[in-house]
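# give me a model of this one.
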Amino acid sequence: MTSANIFTFLPLIAASLYTLLLVVSFVRRSQDEQQTRWFLLFLIASIVWEFLLFFETDLALPPNFPLKALLGGTLFLGMTTAVYVDWPKQKQWFLVGFAAILLAITADIFLPNQVLPIPIANATPTYHGVVSFLVWFLLTSFVFFKTWRDYRTTQFPWHANRLLFWAIGLFITFIGEAFHFFLWTGLTLTGQIIRFIGVLALAYAVTSYRIFDVRTRFQRGTAVFIITIISALPMLGAIWIVEQIGAVQNWETGSIILVTLLVIAIGFFLYQPFHKVVQRIINRYFIGEGFDTNQVLRNYSQATSRILDVNQLSLVILGTISELLETNHGTLLLITKEEEGWNVEVLPGIGQVPREAAFFNANSLFINALTQQHQPLLQYDLDFNRHYANLTDEERHWLKTMAMDVYVPITGGDDLEGLIAIGPKQSGIPYQPDELNLVQTLADQAVIALQNARLYSELEMQNEQINRLNIDLVDQNERLEIMDQVKSDFITIASHELRTPLTQVKGYADILAAMNDENILSQEQTREIVGHINRATTQLEGLISAMLDASQLDVDGMQLTFMESSVDTIVRLAADPLRNAIAERRIKFERVGLDGIPPLHADFKRMVQSFTNLLGNAIKYTPDHGTIRVSARMVPVQMGEPEHVEIVVADTGIGIDPKYHELIFEKFFRIGDPQLHSTGSTKFKGAGPGLGLPIAKGVIEAHHGRIWVESIGEDEKRLPGSEFHILLPLRPPEGRPSQYLPEKYKDHPAFAI
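Now for the predicted structure:
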């Protein structure tokens, strides 16, 4: 068969090869059905294009008609790339490409089929051909350069290697297609060969989830080529010198051959040593220096055997790996098995590592694969291996957040103790098998150290827990002792509080009876005695009412009637019964910011009672000429949280010792010696039965609010004062109050339940 016949049947040969490639791609199709479907359409379009090229003359096809099949193949290859690279807006790309092909067809219909006046080499371009070429050029350029940009911005090396291989396949394919736009026979043959090589590479990428390491293969191939050339240069140079000397000295041919053979024999013995030196030098600069595995393991074992802290162990393990492999970041993950699944705790490592813990179900594909396979698992495998296609959305989200390239299991027997998670290398080169084997060996050696460190950490946690329990027991004992003393003090105080008005009632009743017997009572005297009796009974009635209110707190029997209530009105009415005491004690009373607060949905009467007790407490512990200030502000809340108001009752009094900040809200508790008790609801340091603050707290909490006190301590000379903070929702919600606290208060110690 002549060369002309070969060129004639070249499209048929190419169509046969593409058909064979179509069958193989269909049989070995990947798990991504959409990707395979578009690539098969591309191969079909390539076959149609080749047939149209072969039958173009026989069928009298319109000019440039085969190019439309080529453009259709470009469109399908672009869609294959869009799925392969996972482009967004894939449908938009298809519509744009389809519109471009329609533009080329429209140009064939409406533009004249004339040759351009500008000759290009030996070709005779037409208007139709130029339009088709421009459409092809724009489509292929967009597909290639967008793929290349995605390759440059990809974080994980194996992912980037996949895109690099695809970009190279695209480039070879498009270069082969470009040669077909020239009418030279040699370029056409070269284009067919180049294009088939590119398509063959793309078929390999589509049907294989793991692509060989392109950059490493290129580096090693380049290194081997350079080593071979440099190693052979001395011998070739010696042979050339022998030939030059023989020519100058007019040696006979036999002598030249003999000397050359002698040089080759000497070079044979010197080649291997020289070759090793060259190989060591070239590999150092092209591939990088290797590592002594035995020395690494020996140093690593010595470093980890003395560590009993899991955080320190994490830093040592990741530091060793980072020094060997030059990783960007990594961490040690602690795995704890529970009945329902696996808890994953992220320890401090190197670089920026998210500390978000995770929980995986017992049937987690990710955890079970690491446990069963006992070998490193690449993020690339998790993304592209069909075995991991059923990973849950939660697993994929957590893995994406971690942004690690390799997960190495640390297993003790059949149990997974932890994972070594390492990010990409700084060089961007994928991890090689020997590197992964070394990391797995390091993980295997870390099992005992990790188990010991975890046991030691658990012991430390138990010791800390025991210490906290001991501290709690001491605090509870002190609290019980105080409350026991409170009960004794209550008997003393209550008897005093009850006896005082009873004594007054009995005394005035006796006076009234005696004066009545002597018939010396006047109307004015009777009115005065009855007034004293009424005041004593009122005081007694108030004490009994307070005790009843306090008893309702224990049984949750406080009945509330909610209504719209103004904060300013509540405070004014609460202060009204104390107005005389404020005036007598020369205390300055201030109200700040109350007018701008929206109305509360609250029990008006109970809220007035609560603030009356708070203001009365402030008066009792504020010296004469002091200041009591009531302020209010709206609390900033997040979306979905109920609106809250914070009211602060501040005084310039003697303050409260921090150890009593919680106890003052306990029933019957009061600060001070009960033997020094004196009746007086408003006199300085006067004390009642210890029910005012507990009732105030009960009322506020019944409204789903919170109350706490802030004071640096008690000092009658410096007068640090106290601040009682009341946090109230404008409208009490249903459910537990703690669920509806503003976010900024949820960690406040006063809100612990």
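# for the stretch 601-750 of the chain, just list every one of the helices.
Taking DSSP state H, counting those that start in this stretch to define them, one finds helices in the stretch 601-750 of the chain at 604-620, 692-702.
# list the buried residues in the longest one.
Just to be clear, that refers to helix 604-620. 604, 606-620 (16 or more other CB atoms under 10 Å). Where C-beta positions appear, they are placed from N, C-alpha and C, glycine not excepted.
# so which helix or strand takes in residue 71?
Residue 71 is part of helix 65-85 when elements are defined by DSSP states H and E.
# what about the one helix or strand residue 470 maps to, distance to the chain center?
Assessed by DSSP H and E, residue 470 sits inside helix 433-517. The chain centre lies 37 Å from the centre of helix 433-517; the measure is CA atoms, centre = their mean, to the nearest Å.
# repeat that for stretch 272-286.
With CA atoms, centre = their mean, you get 46 Å for stretch 272-286.
# next: stretch 200-213.
33 Å.
# mean confidence for that stretch?
When pLDDT is averaged along stretch 200-213, the result is 88.
# output that stretch as CSV, nothing but the C-alphas.
In CSV, the C-alpha atoms belonging to stretch 200-213 read as follows (Å, rounded to 0.1, in the frame of the first residue of the first chain):
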residue,chain,number,x,y,z
LEU,A,200,-6.0,7.8,25.2
ALA,A,201,-4.7,9.7,28.2
LEU,A,202,-8.1,11.2,28.9
ALA,A,203,-9.7,7.7,28.6
TYR,A,204,-7.2,6.5,31.2
ALA,A,205,-8.1,9.4,33.5
VAL,A,206,-11.9,8.8,33.1
THR,A,207,-11.7,5.0,33.7
SER,A,208,-9.2,5.1,36.6
TYR,A,209,-9.8,6.8,39.9
ARG,A,210,-6.1,6.9,40.8
ILE,A,211,-3.7,8.6,38.4
PHE,A,212,0.1,8.0,38.6
ASP,A,213,2.1,10.9,40.1
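# okay, buried residues for that stretch please.
Buried, per 16+ other CB under 10 Å, within stretch 200-213: 200, 201, 202, 203, 204, 205, 206, 207, 209, 211, 213.
# same check on stretch 617-632?
Buried, per 16+ other CB under 10 Å, within stretch 617-632: 617, 618, 619, 620, 621, 622, 623, 626, 628, 629, 630, 632.
# among these, which one sits closest to residue 64?
Nearest to residue 64 among the buried residues of stretch 617-632: residue 632, at 82.6 Å, using CB to CB.
# can you put the helices of the stretch 601-750 of the chain in CSV and add mean pLDDT and distance to residue 568?
Formatted as CSV, these follow (pLDDT from 0 to 100; distance: least, CB to CB, whole Å):
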stretch, mean pLDDT, distance to residue 568
helix 604-620, 89, 11
helix 692-702, 85, 18
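# nearest to residue 298, out of the ones you listed?
Closest among the helices of the stretch 601-750 of the chain, once you apply CB to CB, is helix 692-702, at 64.6 Å.
# any idea of the mean pLDDT in stretch 173-186?
79.
# again with stretch 471-486
68.
# what ranges does the protein have for its strands?
330-337, 341-346, 358-361, 377-378, 406-412, 415-422, 563-565, 588-592, 600-602, 627-635, 644-651, 706-710, 722-729 (DSSP state E).
# quick one: residues contacting the nearest residue to residue 93 once chain neighbours are set aside.
Spatial nearest neighbour of residue 93, chain neighbours left out: residue 82 (5.4 Å); criterion: CB to CB, 6 or more residues apart in numbering. Residue 82 sits next to 90, 93, 94 when contact means CB atoms under 8 Å, 6 or more residues apart in numbering.
# ditto for residue 380
Under the criterion of CB under 8 Å, 6+ apart, the contact list for residue 380 reads 156, 158, 159, 162, 210, 405.
# do you know how far it is from residue 144?
23 Å (CB to CB, to the nearest Å).
# cool, and residue 732?
Distance, residue 732 to residue 144, using CB to CB: 65 Å.
# on that earlier part again, who does the helix holding residue 470 touch, helix- and strand-wise?
Contacts defined by 3 or more CB pairs under 8 Å, 6 or more residues apart in numbering; DSSP states H and E place helix 433-517 against helix 293-305, helix 310-325, strand 406-412, strand 415-422, helix 523-554.
# between strand 330-337 and it, find me the angle.
Computed by axes from the mean of the first three to the mean of the last three CA atoms, to 10 degrees, the angle separating helix 433-517 from strand 330-337 equals 60 degrees.
# heads up, I number from 12, so please use that
I'll keep to 12 as the first residue from here, and by that count the last item is helix 444-528.
# beta partners for the nearest residue to residue 582 once chain neighbours are set aside?
Excluding the flanking residues, the one nearest residue 582 by CB to CB, 6+ apart is residue 641, at 5.3 Å. Note on residue 641: beta-bridge partners residue 602, residue 660, judged by DSSP bridges.
# so for residue 641, what's the pLDDT?
pLDDT at residue 641 comes out at 94.
# tell me how many other residues surround residue 394.
19 (other CB atoms under 10 Å).
# low-confidence bits of the stretch 512-661 of the chain, can you list those?
The stretch 512-661 of the chain contains residues with pLDDT under 70 at 527-528, 530, 532, 550-569, 650-651.
# ok so, going back, from the contacts of residue 391, which one has the minimum pLDDT?
Lowest pLDDT among these: residue 221, with 82.
# in contact with that residue, which residues?
169, 391, 392, 395, 396.
# just the buried residues of those.
Among the contacts of residue 221, those classed as buried by neighbour count (16+ other CB under 10 Å) are 169, 391, 392, 395.
# how close does the closest residue to the third one other than its chain neighbours sit to residue 384?
When you say that, I think you mean residue 392. If the residues on either side of it in the chain are set aside, residue 392 comes closest to residue 399, at 6.4 Å by CB to CB, 6+ apart. According to CB to CB, residue 399 and residue 384 sit 12 Å apart.
# of these two, give the one with the bigger neighbour count.
residue 399 (16 against 10).
# show me the contacts for the more buried one.
Residues counted as contacts of residue 399 (CB under 8 Å, 6+ apart) are 376, 377, 380, 392, 393.
# including pLDDT and distance to residue 357, could those go into TSV?
As requested, the contacts of residue 399 are arranged in TSV below (pLDDT from 0 to 100; distance: CB to CB, whole Å):
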residue	pLDDT	distance to residue 357
376	86	20
377	87	15
380	86	20
392	88	21
393	87	18
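# now residue 51: how far from residue 592?
As judged by CB to CB, residue 51 and residue 592 stand 94 Å apart.
# try residue 513
In terms of CB to CB, residue 513 sits 24 Å off from residue 592.
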